[in-house]
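J.: quick one, structure for this:
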Amino acid sequence: MNSFMKVGTPVRDHLLRIMAHFNEAEIHRSSIDQQTQVGMILETLPDSFISFKTNYVLNKMDLNLTALMTELQTFEGMIKSKGGEANITVTSSSSSKKKRRRLVTRERLC
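T.: You can find the predicted model right below:
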């Protein structure tokens with residue numbers, strides 16, 4: 001399947017389009033299990049969803065398509081509320097014994 005989500009497209013619209021592809025495959029008597037469908041959806045998401053995909057895999061989440069859509073919409077809302085930006089803490093060493101921490105704000109997510 002070659003249907004990647006374009007940047008700026010709402011995740012809900014993208015998932016509905018992918019689900020339509022799954023339904024079309026089912027009409028043609030093809031069976032794709034839920035876990036494979038979720039994996040295919042995660043692979044079509046842009047790089048701005050990399051932290052969501054990582055969290056999904058590392059926490060061994062098992063969501064149905066409806067729950068996945070809800071979680072992705074929540075994540076998308078968090079990204080948009082921050083303007084596509086995040087706060088990251090960076091540690092830097094100095095010549096003294098103490099390590100100073102500085103907060104790098106509004107690091108662009110890629």
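
J.: ok, and what's touching stretch 16-24?
T.: Contacts with stretch 16-24, where a contact means C-beta atoms under 8 Å, 6 or more residues apart in numbering, come from 1, 3, 32, 37, 40, 41, 44, 65. Heads up, the C-betas are built off the backbone N, CA and C, glycines and all.

J.: of those, buried ones?
T.: The neighbour count (16 or more other C-beta atoms under 10 Å) marks 37, 41, 44 as buried among the contacts of stretch 16-24.

J.: list the contacts of the first one.
T.: Pointing back at residue 37 there. By C-beta under 8 Å, 6+ apart, the contact set of residue 37 is 22, 65.

J.: give me phi/psi at it?
T.: Dihedral angles of residue 37 (phi, psi; degrees, to the nearest 10) stand at phi -60, psi -40.

J.: before we move on, back to that, which of the buried ones among the contacts of stretch 16-24 sits closest to residue 61?
T.: Residue 61 lies nearest to residue 41 out of these, by C-beta to C-beta, at 12.7 Å.

J.: which residue packs closest to the closest one, ignoring adjacent ones?
T.: Distance criterion C-beta to C-beta, 6 or more residues apart in numbering; nearest residue to residue 41, sequence neighbours excluded, is residue 18 at 5.6 Å.

J.: do the same with residue 62
T.: Leaving aside its chain neighbours, residue 62 sits nearest to residue 35 (7.5 Å; criterion: C-beta to C-beta, 6+ apart).

J.: make sure the one you found is indeed in a helix.
T.: Yes. According to DSSP: H, G, I helix; E, B strand; the rest coil, residue 35 belongs to a helix.

J.: quick one: pLDDT of it?
T.: We have a pLDDT of 93 for residue 35.

J.: could you pull out the strands in this structure for me?
T.: 85-92, 100-108 (DSSP state E).

J.: looking at those, which has the lowest confidence?
T.: strand 100-108 (a mean of 38).

J.: where's residue 57 relative to residue 51, distance?
T.: Residue 57 is 11 Å from residue 51, where distance means C-beta to C-beta, to the nearest Å.
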